[in-house]
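Asks: Pasting a predicted model and its sequence here:
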Amino acid sequence: MKDYTIFYKNEIEEKALAEFNFDLFISAYDNTDRVARVYKSVSATEKHWLIFPQYKIKQSDYPQGKYFDYALANEDDYIIRYLEEINIQPKNLNIGIDITGFIRPHLIFMLRILSNMGVKKMHAFYTEPIRYKKSEETLFSGFVDEVKLIPGCGSTEFNSDTQNDLLILAVGYDDKLIVKVAQDKRHCKRKYQIFGFPSLQPDMYQESRLKANNAAESLGKDVVTKFAPAVDPFVTAQLLKEIIDSNTHSKNIYLSPLSTKPQVLGFIIYYLWEGTNKRVNLLYPYSGNYATKTASGIKNTWHYVVELP
């Protein structure tokens, strides 16, 4: 039986970042110091910045180094174009990815396509902030255009028996995202919300609970609350496994990762290992723009060794 908690992770100091040497290192630029620090510190034969159009970053603010800034809104178009342009065989490379600045669907699709290309192992990094600038009132995304499947992460089968459909959300600060997903899958009688606890900072758990309360009516009174550490993708993946394995009558399963990037990483790890055989669908409430510089300060950097099937 798969146990994701045995996957390797460790907390590393800034000076230890210099000990990493990759064939390819990828980071999404969001104009923050915590992302720039990791990019500068690690060594790699090739280092690439991805600049997503949803961040609306001015060209005058672009970072030094090799960057890719396609005006492609869809994550599949963007990531495929990037991989085609650099023309590599990733399964033979030692790859590092800083997930801190990634937009969630882009991160999920990146791992999906790398797995499809034969990558079995990669290294991921995440740097915690000290705080969000406006606490629970911090805005991370703009108007939600639609809730839809993340490309490559939906089941090819749909069971017409929907009475026991299952919805699992990892909830963060953006209550409007929770509401949109809950409304889109209002037919699901079985609902779970996963909070990041322990949280990145002690006050962040309380702030996320305050925001989630705004979505309580949409989720309904029967929603079940679970917890997984905000910085641990592997415990998150294990919790997903336990929830889904305990809901054997659910024919269609919907997952929506709206919380920290490490928990998002846990969702795609679970999906790649087990979700494709269980009618699992990864959903996201899409927006045309996402905020940068929402956090301040640099706390800890985490290193994850991600094994793919």
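Replies: Ah, there it is.
Asks: Just list what the strand or helix carrying residue 109 packs against, helices and strands only.
Replies: Using DSSP states H and E, residue 109 sits within helix 104-116. Packing partners of helix 104-116 (3 or more Cβ pairs under 8 Å, 6 or more residues apart in numbering; DSSP states H and E): strand 21-28, helix 75-86, helix 261-273, strand 280-287. All C-beta spots, glycine's among them, are computed from the backbone N, C-alpha and C.
Asks: one more time with 10 Å
Replies: Helix 104-116 sits against strand 21-28, helix 75-86, strand 95-98, strand 121-127, strand 253-257, helix 261-273, strand 280-287, strand 301-307, with contacts defined as 3 or more Cβ pairs under 10 Å, 6 or more residues apart in numbering; DSSP states H and E.
Asks: I'd like those as TSV, with distance to residue 224 appended.
Replies: TSV is the format used below for these (distance: least, Cβ to Cβ, whole Å):
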stretch	distance to residue 224
strand 21-28	33
helix 75-86	30
strand 95-98	32
strand 121-127	27
strand 253-257	14
helix 261-273	17
strand 280-287	18
strand 301-307	27
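Asks: Out of these, which gets nearest to residue 176?
Replies: Nearest to residue 176 among the helices and strands packed on helix 104-116 is strand 280-287 (8.0 Å), distances taken as Cβ to Cβ.
Asks: For the stretch 101-250 of the chain, which segments count as strands?
Replies: 121-127, 131-132, 144-149, 166-170, 190-196, 224-228 (DSSP state E, counting those that start in this stretch).
Asks: Could you find the closest non-adjacent residue to residue 61?
Replies: Closest residue in space to residue 61, ignoring its immediate chain neighbours: residue 31 at 5.9 Å, by Cβ to Cβ, 6 or more residues apart in numbering.
Asks: give me the element the one you found is part of.
Replies: Assigned by DSSP H and E, residue 31 falls outside every helix and strand.
Asks: got the contact list for it?
Replies: If you count contacts by Cβ atoms under 10 Å, 6 or more residues apart in numbering, residue 31 has them with 51, 55, 57-58, 61-63, 101, 292-293.
Asks: ok, it to residue 52 distance?
Replies: According to Cβ to Cβ, to the nearest Å, residue 31 stands 12 Å off from residue 52.
Asks: and if you look at residue 91?
Replies: To residue 52, residue 91 is 25 Å away according to Cβ to Cβ.
Asks: So those two - more neighbours on which side?
Replies: Between residue 91 and residue 52, residue 52 has the larger neighbour count (other Cβ atoms under 10 Å), namely 24 against 14.
Asks: In terms of residue numbering, what are the domains of the protein?
Replies: For the chain, automatic domain parsing gives the domain ranges 4-133+294-307, 136-287.
Asks: Report pLDDT for the spatially closest residue to residue 99 that is not a sequence neighbour.
Replies: Spatial nearest neighbour of residue 99, chain neighbours left out: residue 261 (4.6 Å); criterion: Cβ to Cβ, 6+ apart. In this model, residue 261 is scored at 95, pLDDT.
Asks: OK, contacts around residue 261?
Replies: Contacts for residue 261 (Cβ under 10 Å, 6+ apart) come out as 28, 98-104, 107, 124, 126-127, 230-231, 233.
Asks: Most neighbours among the residues you listed, which one is it?
Replies: residue 104 (31 neighbours).
Asks: give the contact list for the closest residue to it other than its chain neighbours.
Replies: In space, and not counting its chain neighbours, residue 104 is closest to residue 264: 5.0 Å by Cβ to Cβ, 6+ apart. Contact partners of residue 264, counting by Cβ under 10 Å, 6+ apart, are 99, 102-105, 107-108, 111, 126, 170, 172, 233, 236, 257-258, 282, 284.
Asks: For stretch 276-285, C-alpha coordinates in PDB please.
Replies: The C-alpha trace of stretch 276-285 is given here as PDB (Å, rounded to 0.1, in the frame of the first residue of the first chain):
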ATOM      1  CA  THR A 276      -6.000   8.400 -12.900                       C
ATOM      2  CA  ASN A 277      -7.500   5.000 -12.000                       C
ATOM      3  CA  LYS A 278     -10.300   6.300  -9.700                       C
ATOM      4  CA  ARG A 279     -12.300   8.800 -11.700                       C
ATOM      5  CA  VAL A 280     -10.500  11.700 -10.000                       C
ATOM      6  CA  ASN A 281     -10.800  15.200 -11.500                       C
ATOM      7  CA  LEU A 282      -8.600  18.200 -10.600                       C
ATOM      8  CA  LEU A 283     -10.600  21.400 -10.700                       C
ATOM      9  CA  TYR A 284      -9.600  25.000 -10.400                       C
ATOM     10  CA  PRO A 285     -11.500  28.300 -10.400                       C
END
